[in-house]
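>>> When you get a sec, could you give me coordinates for this:
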Amino acid sequence: MTKILIIDDEPGIRSTLASILEDEGYKVHAQADAVSGLEWIRREPVDLVFLDVLLPQIGGLEALERIRSGWPEIEVVVISGHANVDMAVRAVKLGAFDFLEKPLSLDKVLTVCRNALMVRKLREENRALKTSARIPEDAIIGRSLETEGLRERIAQAATSDARVLILGENGTGKELVARAIHRGSARSSKAFVALNCAAIPDTLIETELFGHEKGAFTDAVSRRKGRFELASGGTLFLDEIGDMSLGAQAKVLRVIQEQQIERLGGEKTLAVDVRIVAATNKDLEQECAAARFRQDLFFRLNVLPIYVPPLRERTADIPELLFHFLRDLGRESYMAEPFELDRGALQLLQAYTWPGNVRELQNLAERILVLHTGGVIGEKTILALLQQSPAGNRAQDSALAPPVPPVPDVSAIMHLKYNEAKESFEKGYLEYQLSQHGGVISRTAEAIGIYPSNLHAKLRKYQIRTER
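Reported below is the predicted structural model:
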């Protein structure tokens with residue numbers, strides 16, 4: 001039960017306030033001075049305090065400071081019969097939730113009370129989210145069979161010190177997999193160092209990997225450690241290794257074989273103890289066949305291959321992933337209510353083929369937080385937000401609907417008997433209309449002017465599948 005403390009030296013105010021608040025179901029206790037009030041707070045949990053300004057012994061504003069410093073979770077509403085703007089401003093600056101003038105208005109008291117308790121609740125929920133066992137940043141979200149299998153392979157790889165090659169499309173979370181492997185390994189207390197090979201020009205890749213000595217080249221004004229040296233004892237993640245130049249590939253192969261490096265411009269050989277986890281969105285066997293990737297390096301890296309499935313192959317994970325992103329992105333915005341998806345919105349999300357994979361879903365979550373006005377997220381909202389993805393993605397993805405069947409050819413049924421022709425045309429017509437409305441039965445029924453129950457019956461009659 002919510003507990004409210006009243007601190008006021010006027011018996012009438014204490015009695016009136018207590019009566020109002022008790023009628024609303026709150027548990028109320030009253031004290032005549034701040035000393036007794038502070039002592040009560042030390043002994044009993046309190047959610048909200050109504051605090052008078054003019055009090056004996058300790059003034060109300062001094063008591064406010066003590067409450068805010070000792071019990072910052074308690075909301076305080078300051079009340080006074082001698083109010084002025086300066087006093088109100090000072091009270092709010094000291095941390096008061098609001099300032100009420102006497103004589104007190106019943107409606108104002110209840111409104112301020114509810115608002116203060118709501119803010120307290122939101123702060124508690126936000127604090128709980130931050131202090132509870134949060135999902136690690138490198139956690140693999142989802143409960144589909146594909147994701148469970150991925151977790152098993154990560155766990156197996158983590159127990160070994162063997163090199164790992166992570167394969168998968170862009171945006172599937174290959175770096176998360178690499179971090180999860182490192183976190184579960186015996187090297188977890190050491191560094192995890194990542195390098196995106198596609199983002200580093202060929203002229204700089206060697207200094208990024210191996211470091212350089214002062215004066216090794218024009219801009220080398222001081223010694224710099226490379227990624228192999230920084231990751232020694234831990235894990236080096238080479239992302240998009242399929243884009244690494246052949247020259248750099250040869251040097252990486254040598255480090256793998258010898259576990260030694262030399263900084264550019266240096267003469268000293270340095271021993272390194274690094275576990276390499278590499279990732280690529282390319283087919284490295286084809287790259288080897290085309291002489292764009294060294295076959296010997298491919299075999300060195302491909303000790304433990306791990307395939308990260310695209311989001312379209314694990315659509316059962318979409319709701320959990322989406323709500324994870326919504327919670328994570330909205331944590332600092334004090335979301336008052338959790339989001340809900342209606343059935344049509346969920347079906348639409350699971351029908352979409354996600355060319356941008358998990359990264360695209362995360363972008364959608366951010367779009368929802370910014371643009372959605374509240375309440376249940378419906379199909380129309382999701383459709384509108386998905387259509388804000390780059391046009392190129394929608395074109396290559398066939399957007400949000402299955403392949404469109406051809407418009408029924410009337411000439412092809414002219415030789416049939418009436419009932420056969422009617423059924424053939426009706427089946428083709430329904431298939432075409434379903435395709436035009438995203439396979440959504442309610443929307444299709446509305447468009448063609450029949451009840452959804454009738455449409456369901458016809459789909460069963462003609463064995464038309466709506467799963468996409």
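>>> Below-threshold pLDDT in this structure: ranges please.
Counting by pLDDT under 70, the chain has low-confidence residues at 83, 125-138, 330-339, 373-374, 388-412, 466-468.
>>> Could you break it into its assigned domains?
Annotated domains of the chain cover 3-131, 145-309, 312-397, 410-461 [automatic domain parsing].
>>> Redo these as TSV? Include distance to residue 139 and mean neighbour count.
(Each C-beta comes from the backbone N, C-alpha and C, glycine too.) As requested, those are exported to TSV (distance: least, C-beta to C-beta, whole Å; neighbours: other C-beta atoms under 10 Å):
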stretch	distance to residue 139	mean neighbour count
domain 3-131	15	16
domain 145-309	7	17
domain 312-397	9	16
domain 410-461	32	14
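>>> so how far is the first residue of stretch 74-90 from its last?
For stretch 74-90, the first-to-last residue distance is 18 Å (C-alpha to C-alpha, to the nearest Å).
>>> Then stretch 255-264?
14 Å.
>>> what's the spacing between it and its chain's center?
Distance of stretch 255-264 from its chain centroid, counting by C-alpha atoms, centre = their mean, to the nearest Å, is 39 Å.
>>> Provide the contact partners of it at residue level.
163, 206-207, 209-213, 216-217, 220, 223-226, 228-229, 268-274, 276, 297, 300 (C-beta atoms under 8 Å, 6 or more residues apart in numbering).
>>> which SS state does residue 276 fall under?
Put simply, residue 276 is strand when judged by DSSP: H, G, I helix; E, B strand; the rest coil.
>>> doesn't residue 47 make contact with residue 120?
Yes - at 6.2 Å, residue 120 and residue 47 qualify as touching, with contact defined as C-beta atoms under 8 Å.
>>> distance of the most centrally placed residue in the chain from residue 346?
Centroid-nearest residue in the chain: residue 325, 1.8 Å away (criterion: C-alpha atoms, centre = their mean). Residue 325 is 15 Å from residue 346, where distance means C-beta to C-beta, to the nearest Å.
>>> same deal with residue 446?
In terms of C-beta to C-beta, residue 446 sits 19 Å off from residue 346.
>>> if we can go back for a sec, now for whatever helix or strand the residue nearest to the centre of the chain lives in, which elements pack on it?
Taking DSSP states H and E as the definition, residue 325 sits inside helix 318-330. Packing contacts for helix 318-330, counted by 3 or more C-beta pairs under 8 Å, 6 or more residues apart in numbering; DSSP states H and E, involve helix 343-351, helix 357-371.
>>> Would you reformat these as CSV and include distance to residue 196?
Below are these laid out as CSV (distance: least, C-beta to C-beta, whole Å):
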stretch, distance to residue 196
helix 343-351, 29
helix 357-371, 14
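>>> closest to residue 146 out of the ones you listed?
The closest of the helices and strands packed on helix 318-330 to residue 146 is helix 357-371. By C-beta to C-beta, the value is 12.6 Å.
>>> now for the closest one, which elements pack on it?
Checking 3+ C-beta pairs under 8 Å, 6+ apart, helix 357-371 ends up next to helix 318-330, helix 379-386.
>>> And the strands in the stretch 351-468 of the chain?
376-377 (DSSP state E, counting those that start in this stretch).
>>> can you tell me which helix in the chain is longest?
helix 106-131 (DSSP state H).
>>> who does it touch, helix- and strand-wise?
By 3+ C-beta pairs under 8 Å, 6+ apart, helix 106-131 packs against helix 11-23, strand 48-52, strand 75-80, strand 98-101.
>>> Give me the residues contacting the third one.
Surrounding strand 75-80, the residues in contact under the criterion C-beta under 8 Å, 6+ apart are 8, 13, 47-54, 60-61, 64, 67-68, 87-88, 91, 95-102, 104, 112-113, 116-117, 119-120.
>>> Check the second one too.
For strand 48-52, the surrounding residues in contact (C-beta under 8 Å, 6+ apart) are 2-10, 13, 17, 34, 37, 41, 60, 63-64, 67, 74-80, 96, 113, 116-117, 120.
>>> Mind doing that once more with 6 Å?
4-8, 17, 60, 74-79, 116 (C-beta atoms under 6 Å, 6 or more residues apart in numbering).
>>> which secondary structure elements does the next helix or strand after that strand contact?
The C-terminal neighbour of strand 48-52 among helices and strands, as given by DSSP H and E, is helix 60-70. Contacts defined by 3 or more C-beta pairs under 6 Å, 6 or more residues apart in numbering; DSSP states H and E place helix 60-70 against no helix or strand at all.
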